[in-house]
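K.L.:
Mind looking at a prediction? Sequence and model below.
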Amino acid sequence: MEFSEWYSDILEKAGIYDLRYPIKGCGVYLPYGFKIRRYSFEILRKLLDETGHDETLFPMLIPENLLAKEGEHIKGFEDEVFWVTHGGKTPLEVKLALRPTSETTMYYMMKQWIKVHTDLPLKLYQVVNTFRYETKHTRPLIRLREIMSFKEAHTAHATKKECDAQIEEALTLYKAFFDEIGVPYVISKRPEWDKFPGADYTMAFDTIYPDGKTMQIGTVHNLGQNFAKTFELEFETPDGEKDFVYQTCYGISDRAIASLISVHGDEKGLVIPVDVAPIQIVLIPLLFKGKEEIVMDKIKELNKTLKSEFRVHLDDRDIRPGRKYNDWELKGVPLRIELGPRDIENGHALIVRRDTGEKITVEYSNILEEVEKIVSMYKDNLKIKAEEKIKSFITAVDFESDVNALSEKVKAELLENKGIILIPFDESIYNEKFEELIDASVLGLTTYEGKEYISVARTY
Ligand code: 5CA
């Protein structure tokens, strides 16, 4: 099955997301999908909170004059903005934009709050819906017109040095997040022509989907003093001078969810990383006539023991065990524990791993420890597998001074190996024209295994 078909199929069958809402690019998180989202964003929130970011909530509406204040920014977004033009039947005096992102909203307010250097650094974030009138092909959780889980962080600093350090902190934080959800990535400094509108420069995380195309899963922008000058974010330095703040912003969206689904899944369905799995362990009683009570009593006891540490579900539906296995494999539950009368007699239980299909018989008496061990192996395995997959999609080529020969070589590699092609850095090809020649995108400058490359790929 082709990846994109697999992907739409699994969203529906596993109960992640329903795209039948009658607006293009807008859909509904179903309960199971919503839980994956919740656990994933909990990890992100924790990482942000631990590094001194404060969660806030700003309005969704932006008056036109505010959105248009920063020239480059509005130019970058003007084709993507949804406008509110009426209140009931009355045309509004000032059109209101549905936020495509919140620089203008937040920086207008920061002006009210930042007066002296002791007000800095200011590190805020919010997880909100944002709206972008995407004209490229929309895809569930990947290219949305209503981005439902837009985590945007915005920071302001007294010095350039602190601002640069914040970029490093943001990169470290995002690395930790993607590591925890087992989504491998390559980090690139985006080329000038592809940076965030209004930024000095943009650092981006890209992952590679099973079809070999890359997906931008997060971005970190150094805004320098660009917005600060427009929004007059001036403060008094320790020497009593005036200066503008230095700013950063960084964002992650529903694409993180789309990616953890895409990277780990297989022909049986989802394979969910333990930490974000709505159900981490499913218990399946194997009932035989006359032994139902013994099995149910024991499995309820097991349920109680495991619940102290894991999200457990006891599947006591009156259907055949084989159907239950299929259902939970499709939903990607990391571990399944089967318990029948014979297991009880022998003091055993059978654990089946979703990632490898491996069946492990464990002693019932120390099952919690056994499960912990298996969970830890499961986590490691998912990370290793994901790393291996992305590596197999990265190819380095030698440089050729003839640009046509080089582009032919890159095109051939893109066709054969797909994924990311790394070209030793050379100024002569670092431009938009080269993109046309290879009929693919330049991701940017990428440091890979200690060397500097220009990375190119077919992107989503
Ligand atoms: N204000 C900055 C930082 S929060 C900003 O808006 N950056 S962004 O435009 O690069 O968006 C942040 C991330 O959101 C992107 O890296 C991408 O992963 C995700 N994203 C962007 N557009 C969409 C979309 N239409 N649907 C889903 N995710 C999106």
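P.N.:
Noted; the coordinates are in hand. Numbering: from 1, shown residues only.

K.L.:
how much space between the residue nearest to Val94 when sequence neighbours are not counted and Val456?
P.N.:
Of all residues not flanking Val94 in the chain, Pro63 sits nearest, at 4.8 Å (Cβ to Cβ, 6 or more residues apart in numbering). The C-beta positions use only the backbone N, C-alpha and C, and glycine is treated the same way. As judged by Cβ to Cβ, to the nearest Å, Pro63 and Val456 stand 40 Å apart.

K.L.:
higher neighbour count, these two?
P.N.:
Neighbours per residue (other Cβ atoms under 10 Å) separate Pro63 from Val456, with Val456 holding more: 27 against 17.

K.L.:
Can you tell me what sits against stretch 392-402?
P.N.:
Stretch 392-402 has contacts (Cβ atoms under 8 Å, 6 or more residues apart in numbering) with 186, 208, 212, 406, 409-410, 413, 417-424, 426, 448, 453.

K.L.:
Check the secondary structure at the residue of the stretch 251-400 of the chain found nearest the ligand for me.
P.N.:
Using Cβ to the nearest ligand atom, Gly251 is the residue of the stretch 251-400 of the chain that sits closest to the ligand, at 2.5 Å. Here Gly251 is recorded as strand under DSSP: H, G, I helix; E, B strand; the rest coil.

K.L.:
What mean pLDDT does the top helix by length along the chain get?
P.N.:
Identified as the longest helix of the chain according to DSSP state H is helix 367-392. Averaged across helix 367-392, pLDDT comes to 96.

K.L.:
One more: stretch 236-251?
P.N.:
Mean pLDDT, stretch 236-251: 98.

K.L.:
chain center to it: distance?
P.N.:
Remark: stretch 236-251 is offset 30 Å from the chain centroid, using Cα atoms, centre = their mean, to the nearest Å.

K.L.:
by contact count, what packs against the worst-scoring helix or strand of the chain on mean pLDDT?
P.N.:
When the helices and strands of the chain are compared on mean pLDDT, DSSP states H and E, helix 71-77 comes out lowest with a mean of 90. Counting contacts by 3 or more Cβ pairs under 8 Å, 6 or more residues apart in numbering; DSSP states H and E, helix 71-77 packs against helix 64-67, helix 226-230.

K.L.:
Comparing the ones you listed, which comes out most buried?
P.N.:
helix 226-230 (a mean of 20; mean count of other Cβ atoms under 10 Å).

K.L.:
How about Glu56: what's its closest non-neighbour residue?
P.N.:
Rather than Glu, residue 56 is Thr. The shortest distance from Thr56 to any residue other than its chain neighbours is 4.9 Å, reached at Leu124 (Cβ to Cβ, 6+ apart).

K.L.:
That neighbour: helix or strand, and which one exactly?
P.N.:
Element membership for Leu124, per DSSP states H and E: strand 122-131.

K.L.:
do Val362 as well
P.N.:
Following DSSP H and E, one finds Val362 within strand 359-363.

K.L.:
name the helices or strands packed onto that strand?
P.N.:
Contacts defined by 3+ Cβ pairs under 8 Å, 6+ apart place strand 359-363 against strand 348-353, helix 367-392.

K.L.:
Let me have those in CSV, extended by distance to the ligand.
P.N.:
Listed next are those as CSV, based on distance: least, Cβ to the nearest ligand atom, whole Å:
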stretch, distance to the ligand
strand 348-353, 31
helix 367-392, 17
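
K.L.:
So which of these is the most surrounded?
P.N.:
When those are compared using mean count of other Cβ under 10 Å, strand 348-353 is most buried, at a mean of 19.

K.L.:
which other helices and strands contact it?
P.N.:
Looks like strand 348-353 contacts strand 335-339, strand 359-363, helix 367-392 (3+ Cβ pairs under 8 Å, 6+ apart).

K.L.:
Now tabulate these in JSON lines and tack on distance to Asp18.
P.N.:
Formatted as JSON lines, the helices and strands packed on strand 348-353 follow (distance: least, Cβ to Cβ, whole Å):
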{"stretch": "strand 335-339", "distance to Asp18": "26"}
{"stretch": "strand 359-363", "distance to Asp18": "34"}
{"stretch": "helix 367-392", "distance to Asp18": "27"}
